[in-house]
Each structure stands twice: as C-alpha cells, then as structure tokens.
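Student: Test case, fold it:
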Amino acid sequence: MGKSTLDLIKECDNFPYYDEDPAYYKAHLKTYHAFKVTGCDAILGYIPNDVVENIRFPKDCWDVDSTAQTVTLVTAPDATPAQRSELVAQTLADVVKRDTFKILRGWRNEMYAVYGPKGEFLLEMERSASPLFGIVTYGVHMTGYVEDEQGIRIWVPRRSKTKQTYPSMLDNTVAGGISTGEKPSECAIREAMEEASLPEDVVKKGATPVGCVTYFYVRDQRAGGETGLLQPEVEFLYDLKLDASIEPKPCDTEVEDFRLWNVDEIKQALSNGEFKPNCAMVLIDFFIRHGILTPENEPDYMKIMARLHRRLEFPTVSHFTA
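Tutor: Okay, here's the model as predicted:
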C-alpha cells in the first residue's frame with residue numbers, strides 16, 4: 001500500500017505539535033538548546049544538544065547556558081548584522097577545520113539570512129550550516145506545467161544521483177533557496193535558468209505567485225549529513241504555465257533529466273515516495289489550487305490544508321519591500 005496524501009504531509013512537517021501531546025512536546029524540546037542573539041527576545045532556532053556539545057563556542061562572544069538550554073550570540077547592543085555574521089563565520093570556520101559535522105562537507109558558499117520578530121535582519125550564515133542552528137530558511141518552488149486537450153501535465157526533474165541531498169529523487173520543476181538580500185521573484189528567475197534552462201523572459205512573462213507552504217522538517221538520512229537536524233522552512237510558490245514547445249533542460253549537474261507527466265503519473269510517484277518530501281508538499285498544494293484534490297475526494301482535506309501552512313515557532317518574514 002502506498003503513501004496517502006496525509007502521510008506525505010506528515011513526512012515533511014514532522015516536528016511534534018504541542019496541541020497533539022503537550023507532555024511529549026515539552027520532553028522533546030529538552031533535546032535542544034534555543035539559539036538566541038543578544039538584544040532579541042525571540043528564539044531563532046533549535047540546536048540539538050549533541051551539536052552544542054561538539055561546537056567550540058568562544059566564551060568571549062557566546063554564552064552557553066546548559067541549565068536554561070540556550071546558546072546566545074553575545075554582542076554589543078549596537079552590533080551590526082555584519083559583525084554578528086562574522087562571529088558566526090569564525091565559529092563555523094573552526095568547526096569545518098576540525099571536520100566535526102558531515103553536513104558541512106557540502107559547503108555551498110551561499111548565505112542565508114536570520115531575521116528578528118519585527119523583520120529586522122540580524123545576521124547571515126552559510127547555507128549548509130543552517131540546519132545545525134535550526135533557523136528558518138526560505139526558498140522558491142515553481143511548478144512548470146502544460147495545459148491542453150490532454151489536461152494538465154507537469155515537468156518533473158530527477159535529481160542527480162551524485163547530489164549530497166536527496167540523490168535521484170524527483171523534484172519540482174524549479175526550486176532553490178533564497179540567499180541574503182534576494183527577493184523570491186529574483187530567486188525564481190535565477191533558479192529557472194540554472195536548473196531548467198528557462199529564459200528570464202519566459203519566467204517573467206508566465207510565472208504567477210500563488211502563495212507559500214510552511215513546515216517544520218526533521219532531517220533524515222536522505223537529506224545528507226547528520227540526521228535529526230531541524231529545517232523550519234517557508235517556500236514561496238509560483239505556477240509557470242508553459243507552451244508545449246518550451247521544454248526545460250538541465251543546465252547544471254544537479255538535475256539528470258526532465259519528464260512531462262500527467263496527473264495520474266505524478267500521483268503514483270507520490271504514493272511510491274519518489275518525490276523529495278517538501279516537493280510532495282508543493283505538488284499537493286498545486287493539486288488543491290487546480291481542483292484536482294478536493295473536499296469531495298480527499299477524506300483528510302482539512303488536516304492537509306492546516307499542515308501545509310504551519311505556524312512556525314520562530315520569527316518569519318514575507319520579504320516585503322516598500
């Protein structure tokens with residue numbers, strides 16, 4: 001028996017919910033330290049206790065309180081994001097030098113931003129290190145599809161078997177992380193060219209922002225590196241209706257090929273567990289918005305809707321620019 005739609009949602013949004021079992025939730029939080037920054041009252045992420053034990057936090061700029069289970073980056077009240085970021089970078093450089101964590105062997109040279117409760121930019125850190133601190137990360141997923149007399153068909157890429165994360169699994173047409181200072185639309189355009197050879201004018205003309213999904217993912221062995229690390233994420237979604245004459249093609253080594261699949265083929269691959277977990281979330285959202293998955297044909301419809309839009313426990317931003 002294959003995976004149900006709700007099974008797929010739970011596989012990605014798999015951090016415990018307080019309301020479901022308060023006692024278990026509280027006990028589970030004891031396995032983490034809260035990541036904080038001086039001058040900001042909010043918790044910015046959860047660091048597993050064993051990660052805390054294996055990082056050398058310099059005492060002149062970090063306060064590790066094992067009783068309160070907090071790890072705080074200590075800086076002057078007027079510290080700039082660049083100054084905070086440099087202290088984090090120095091700490092990570094030592095971790096990399098000692099080869100403490102396998103996940104950092106996939107160093108990306110991409111920076112992810114960390115925000116405070118009012119949307120203020122606090123600092124940035126190397127992308128591959130973000131799961132060690134459990135910070136909220138942001139990305140873009142774009143579903144490229146054709147709609148004609150044959151119905152809806154979606155362009156589905158297969159990830160390279162050499163990728164560190166989720167090798168050989170199926171993905172969304174275009175997907176990628178939003179770097180510091182980048183807008184979601186800019187990320188969508190960049191990733192469309194890098195991963196699918198889709199020209200900028202095609203994306204600008206056809207891409208439609210259609211919302212977002214949010215989830216709190218606990219990494220398993222498919223993610224590469226250590227298991228049990230946390231990824232609370234916000235994925236901004238775009239639909240890209242394409243003419244049948246436009247065919248996405250791999251532009252880098254991250255994608256092996258693209259195939260144009262109908263809804264039934266995608267449903268079967270989802271049931272088989274062939275899609276990367278967060279990509280399954282995005283496709284389910286697409287099915288809901290296009291009337292493929294409805295209250296009449298899905299018994300867990302309300303649970304699915306709620307789990308697609310989890311309220312995260314840390315500050316988040318919408319990337320609004322005035």
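
Student: C-alpha only now, for contacts and for neighbours.
Tutor: OK.

Student: Bridged to the residue nearest the centre of the chain, which residues?
Tutor: In the chain, the C-alpha nearest the mean C-alpha coordinate belongs to Glu233, at 4.3 Å (Cα atoms, centre = their mean). Beta-bridge partners of Glu233, counted by DSSP bridges, are Thr137, Tyr215.

Student: So which residues of this protein form helices?
Tutor: For the chain, the helices defined by DSSP state H cover 5-12, 22-29, 49-53, 81-97, 130-133, 184-196, 200-206, 263-271, 277-289, 301-307.

Student: Can you add distance to Ser160, mean pLDDT and mean neighbour count and give those back as TSV?
Tutor: Output for those, formatted as TSV (distance: least, Cα to Cα, whole Å; pLDDT from 0 to 100; neighbours: other Cα atoms under 10 Å):
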stretch	distance to Ser160	mean pLDDT	mean neighbour count
helix 5-12	21	98	20
helix 22-29	35	97	12
helix 49-53	29	98	15
helix 81-97	25	98	16
helix 130-133	22	98	24
helix 184-196	11	96	21
helix 200-206	24	96	15
helix 263-271	17	98	16
helix 277-289	15	98	21
helix 301-307	29	97	15
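
Student: neighbouring contacts of stretch 302-316?
Tutor: Stretch 302-316 is contacted from outside by 5-6, 9-10, 13, 42-45, 115-119, 135-136, 212-216, 232, 281, 285, 295, using Cα atoms under 8 Å, 6 or more residues apart in numbering.

Student: Using neighbour counts, trim those residues to the buried set.
Tutor: Taking 16 or more other Cα atoms under 10 Å as the criterion, what is buried in those is 5-6, 9-10, 13, 42-45, 115-116, 135-136, 212-216, 232, 281, 285.

Student: circling back: mind putting the helices of the chain into TSV with distance to Cys61?
Tutor: What follows is those, written out as TSV (distance: least, Cα to Cα, whole Å):
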stretch	distance to Cys61
helix 5-12	34
helix 22-29	25
helix 49-53	15
helix 81-97	7
helix 130-133	16
helix 184-196	33
helix 200-206	43
helix 263-271	46
helix 277-289	35
helix 301-307	38
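
Student: Select, out of those, the one closest to Leu242.
Tutor: Of all the helices of the chain, helix 200-206 sits nearest to Leu242, with 7.3 Å by Cα to Cα.

Student: Just the C-alphas of that closest one, formatted as CSV.
Tutor: This file holds the C-alpha atoms of helix 200-206, laid out as CSV (Å, rounded to 0.1, in the frame of the first residue of the first chain):
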residue,chain,number,x,y,z
GLU,A,200,14.3,35.1,-18.0
ASP,A,201,11.7,36.5,-20.3
VAL,A,202,9.7,33.2,-20.2
VAL,A,203,9.7,33.2,-16.4
LYS,A,204,8.9,36.9,-16.1
LYS,A,205,6.0,36.6,-18.5
GLY,A,206,4.5,33.4,-17.3
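
Student: Which other helices and strands does that helix contact?
Tutor: Contact here means 3 or more Cα pairs under 8 Å, 6 or more residues apart in numbering; DSSP states H and E; on that basis helix 200-206 packs against helix 184-196, strand 230-241.

Student: by contact count, what packs against the longest one?
Tutor: I take that to be helix 184-196. Against helix 184-196 (3+ Cα pairs under 8 Å, 6+ apart) you get strand 137-148, strand 174-177, helix 200-206.

Student: Kindly report the same for the last one.
Tutor: Other elements packing on strand 230-241 under the criterion 3+ Cα pairs under 8 Å, 6+ apart are helix 130-133, strand 137-148, helix 200-206, strand 207-218.

Student: quick one on the thing from earlier: out of the helices and strands packed on helix 200-206, which comes closest to Tyr32?
Tutor: strand 230-241 (10.2 Å).

Student: Work out the gap between that closest one and the centre of the chain.
Tutor: Computed by Cα atoms, centre = their mean, to the nearest Å, the chain-centroid distance of strand 230-241 equals 7 Å.

Student: now stretch 199-213
Tutor: 19 Å.

Student: got it, and stretch 192-208?
Tutor: The chain centroid and the centroid of stretch 192-208 are separated by 21 Å, computed with Cα atoms, centre = their mean.

Student: Can you measure across it, start residue to end residue?
Tutor: Distance between the two ends of stretch 192-208: 14 Å, counting by Cα to Cα, to the nearest Å.
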